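Undergrad: model the following, please.
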Amino acid sequence: VQLQASGGGLVQAGGSLRLSCAASGSIFSINAMGWYRQAPGKQRELVATITNGENTNYADSVKGRFTISRDNAKNTVFLQMNSLKPEDTAVYYCNVEARAYGSSWFDYWGQGTQVTVSS
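TA: Residues are numbered from 1 along each chain as shown. Have a look, this model is predicted:
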């Protein structure tokens, strides 16, 4: 299973970005999908997750500003980020709990996409 993330970039405070992450390969099933981020000098932290039943969970710092969604037909998870703040600057990683054909459940990680918010 491979994950390809896209959509990061440089944006001014108050702006918006939309991240996408597509899973590909010999996928049998996908359960939870999510986004994490890691700022310089800090540990990786959860941003948002979504189950295959569309239940969502958000970090307190992004509630009301970020929206996670998924397209199961395309094995893709999205993160709409509005009202961005400089403290949202980080490398964003997508995460997928998936099962490949003939394999067990594993957590897979994307390569990371940089989000930079200028003040």
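
Undergrad: mind checking the SS state of the most far-flung residue of the chain relative to its centre?
TA: Taking C-alpha atoms, centre = their mean, the residue of the chain most remote from its mean C-alpha position is Gly102, at 26.0 Å. When classified by DSSP: H, G, I helix; E, B strand; the rest coil, Gly102 comes out as coil.

Undergrad: now the strands for this protein?
TA: Ranges of strands in the chain, per DSSP state E, are 2-6, 9-12, 17-24, 27-38, 45-50, 56-58, 66-71, 76-81, 90-100, 105-109, 113-118.

Undergrad: any idea which of those is most buried?
TA: Counting by mean count of other C-beta atoms under 10 Å, strand 76-81 has the highest mean neighbour count of the strands of the chain, with a mean of 23. For every residue, glycine as well, the C-beta is placed using N, CA and C.

Undergrad: got the CA coordinates for that one in CSV?
TA: Taking C-alpha atoms only, strand 76-81 is exported to CSV below (Å, rounded to 0.1, in the frame of the first residue of the first chain):
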residue,chain,number,x,y,z
THR,A,76,-8.5,9.2,-0.7
VAL,A,77,-8.6,11.3,2.4
PHE,A,78,-8.8,15.1,2.4
LEU,A,79,-8.1,17.8,4.9
GLN,A,80,-9.7,21.2,4.2
MET,A,81,-7.8,23.8,6.3
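
Undergrad: bridged to the most centrally placed residue in the chain, which residues?
TA: With distances taken as C-alpha atoms, centre = their mean, Trp35 lies nearest the centre of the chain, 2.7 Å away. Using DSSP bridges, the beta-bridge partners of Trp35 come out as Ala48, Cys94.

Undergrad: pLDDT score for Ser61?
TA: Looking at Ser61, its pLDDT stands at 98.
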